[in-house]
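Trainee: below are the sequence and a predicted model for it; my questions follow.
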Amino acid sequence: MEQARMRAAEARPCVPAARVPVRAPLAPAGPPAAPAPNAAPAADAPSPAQGVGGRRPAPGVPGAGPGGGSASPAPGPVPRTVRRHSVRGQVLEALRSALACGQLEPGRVYSAPALGARFGVSATPVREAMQQLASEGAVDVVPNRGFRVCVRSAAELAELAEVRALIEVPVVLRLARTVPAGRWEQLRPLAEATAAAAAAGDRAAYAEADLAFHRALLSLAGNRRLLALAQELHRSSRWPPPAPGAAAPDRAALAADAAEHTALLEALIAQDLDVVRSLVRGHISGSDA
């Protein structure tokens, strides 16, 4: 009898144990998929009446109905919802512009909630943006208070310029010997962008155009660590003014600085190493943008 039961058990098919469902991997970041017709909105999706960062616009704002409610959509494409990292990027750009224009005063402490109210966002993306600026040397963290805009003395600016020259001069000279003339011509639109910003007297736009030109120039070396270090030094040396009460460069000074970009390209195309060396040293030591 016992042997019969064992033979019956061996003949019975093996049933696998129940398997825990495996969670599908998160989809890569990208534009959100179009919703199905008549589908309900996602639970975490901001409503059309919400603004940047999920805040509801105040009454009277275009796109809001009476009392801040949603109104009928205007003709045309519906703007994509701004994601959190995009809000942080927009705040960072606004803070950099305010620093470049001197709207954020050197030596003064600013709180994240106050700046958030100024930009119409919560304090969180402001803190995140300020932490980025702190890593770039533009601000210092003041515990329990906020962030203090750094003050650059003439001696500190001279030290930064010396370090920049030690890094950038030999790199640009090496590139001058090896990069073909046609490759330098591709940088000309970036040089022209700095000239246009200088002619407009737009200091914030000039600061970004100047950084873009130097980044493109040094990127030809193919050294990412060098490029990151050079950008950090560049940003640390450009926040105006260098000290309280010091005058920021005027339009003529910006135009002269921008002209050096074009002159440097001409010297690089001609492989005139002496002129390249002189221009790079002079541009770094004399540039305060």
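Mentor: Thanks, I have the structure now. Residues are numbered from 1 along each chain as shown.

Trainee: just checking, which helix or strand of this protein averages the lowest pLDDT?
Mentor: Least confident helix or strand of the chain, by mean pLDDT, DSSP states H and E, is helix 2-11 with a mean of 45.

Trainee: following element in sequence after it, please.
Mentor: The C-terminal neighbour of helix 2-11 among helices and strands, as given by DSSP states H and E, is helix 84-100.

Trainee: who does the following helix or strand past that next one pair up with?
Mentor: As assigned by DSSP H and E, the chain's next helix or strand after helix 84-100 is strand 109-110. Here strand 109-110 has these sheet partners by DSSP bridges: strand 146-149 (antiparallel).

Trainee: show the average pLDDT along the partner strand.
Mentor: Average pLDDT, strand 146-149: 93.

Trainee: residues in contact with it: which ones?
Mentor: The contact list for strand 146-149 (CB atoms under 8 Å, 6 or more residues apart in numbering) reads 99, 104-112, 114, 130, 133-134, 138-142, 239. All C-beta atoms are positioned from the backbone trio N, CA, C, and that covers glycine.

Trainee: how about a cut-off of 7 Å?
Mentor: Residues from elsewhere that reach strand 146-149, judged by CB atoms under 7 Å, 6 or more residues apart in numbering: 99, 104-112, 130, 134, 139-142.

Trainee: from the residues you listed, which is closest to P189?
Mentor: For P189, the closest of those turns out to be L99, at 25.6 Å, with distances computed as CB to CB.

Trainee: distance of that closest one from S285?
Mentor: According to CB to CB, to the nearest Å, L99 stands 22 Å off from S285.

Trainee: neighbour-wise, which of these two wins?
Mentor: Set side by side, L99 and S285 show more neighbours around L99, with 23 against 15, by other CB atoms under 10 Å.

Trainee: any idea how many residues pack against A129?
Mentor: 26.

Trainee: quick check: next helix or strand after whichever strand or helix holds it?
Mentor: A129 is part of helix 123-135 when elements are defined by DSSP H and E. Once the chain leaves helix 123-135, the next helix or strand it forms, by DSSP H and E, is strand 139-142.

Trainee: low-confidence ranges in the stretch 1-150 of the chain?
Mentor: Residue ranges of the stretch 1-150 of the chain with pLDDT under 70: 1-85.

Trainee: just to revisit the earlier point, of the contacts of strand 146-149, which is the most crowded?
Mentor: Within the contacts of strand 146-149, most neighbours by other CB under 10 Å means V139, with 25 neighbours.

Trainee: against R118, how distant is the closest residue to it other than its chain neighbours?
Mentor: With CB to CB, 6 or more residues apart in numbering as the criterion, V139 has its nearest non-adjacent residue at 4.3 Å, and that residue is F147. Plainly put, F147 is 14 Å away from R118 if you go by CB to CB.

Trainee: what do you get for A263?
Mentor: 40 Å.
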